[in-house]
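1. no sequence on this one, just coordinates:
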């Protein structure tokens with residue numbers, strides 16, 4: 001199934017970063033990205049080209065992440081520090097780390113929207129994924145960017 005391999009290669013990094021934006025935890029993001037591609041693999045034959053394959057994959061990933069967040073809400077966990085282990089292949093710059101932290105503090109819909117926007121998903125596609133109008137998505141992206149900019153300024157970045 002050559003097609004799946006191409007999809008995996010093309011989208012892995014983007015889906016991983018999307019998951020990272022949701023959960024702000026390297027290991028969980030890794031798991032969620034893997035799960036996303038397992039679902040893609042299982043359902044590839046049901047994909048009907050109504051939307052772009054990317055939109056379809058991002059929707060699966062977003063739903064996956066939301067389920068994970070719901071699960072976590074049930075277990076109130078104390079604010080654990082974000083421990084980036086000594087894995088050399090993946091060190092996050094402090095600024096990026098701070099960005100993930102800020103994104104993780106946003107309400108869920110905003111988190112999806114900005115994570116997709118950061119992956120250069122077209123706003124029309126984002127609108128489909130989150131079920132909002134394009135105009136609404138544009139306004140939200142603008143507000144979210146303002147919020148994040150504010151957080152960065154307050155943080156002295």
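-> Alright, I've got the coordinates. It should be emphasised that the depicted structure is a prediction, and the values quoted were computed from it without experimental measurement.
2. list the buried ones in the helix or strand containing residue 98?
-> Using DSSP states H and E, residue 98 sits within helix 94-104. Buried residues in helix 94-104, counted by 16 or more other C-beta atoms under 10 Å: 98-100, 102-104. For the C-beta atoms, the positions are set from N, CA and C on the backbone; glycine is no exception.
3. just checking, what packs against whatever helix or strand residue 4 lives in?
-> Assigned by DSSP H and E, residue 4 belongs to helix 2-23. Secondary-structure packing of helix 2-23 (3 or more C-beta pairs under 8 Å, 6 or more residues apart in numbering; DSSP states H and E): helix 26-43, helix 53-74, helix 94-104, helix 108-118.
4. let me have those helices in CSV, extended by distance to residue 147 and mean pLDDT.
-> Shown next, in CSV, are these (distance: least, C-beta to C-beta, whole Å; pLDDT from 0 to 100):
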stretch, distance to residue 147, mean pLDDT
helix 26-43, 22, 91
helix 53-74, 19, 81
helix 94-104, 8, 81
helix 108-118, 8, 87
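5. let me know which of those is tucked in deepest.
-> helix 108-118 (a mean of 21; mean count of other C-beta atoms under 10 Å).
6. helix or strand next in line after it, which one?
-> With DSSP H and E, the next secondary element past helix 108-118 is helix 123-130.
7. tilt between that following helix and helix 53-74?
-> Orientation check (axes from the mean of the first three to the mean of the last three C-alpha atoms, to 10 degrees): helix 123-130 against helix 53-74 gives 40 degrees.
8. what residues of helix 123-130 count as buried?
-> So helix 123-130, judged by 16+ other C-beta under 10 Å, has buried residues 123, 125-130.
9. residue nearest the centroid of the protein?
-> residue 18 (2.2 Å; C-alpha atoms, centre = their mean).
10. and that residue, what's its pLDDT?
-> Per-residue confidence (pLDDT) for residue 18: 87.
11. okay, and residue 156 sits in which element?
-> Per DSSP H and E: nothing holds residue 156, as it lies in no helix or strand.
12. how far does stretch 18-29 stretch from start to finish?
-> When the termini of stretch 18-29 are compared using C-alpha to C-alpha, to the nearest Å, they are 8 Å apart.
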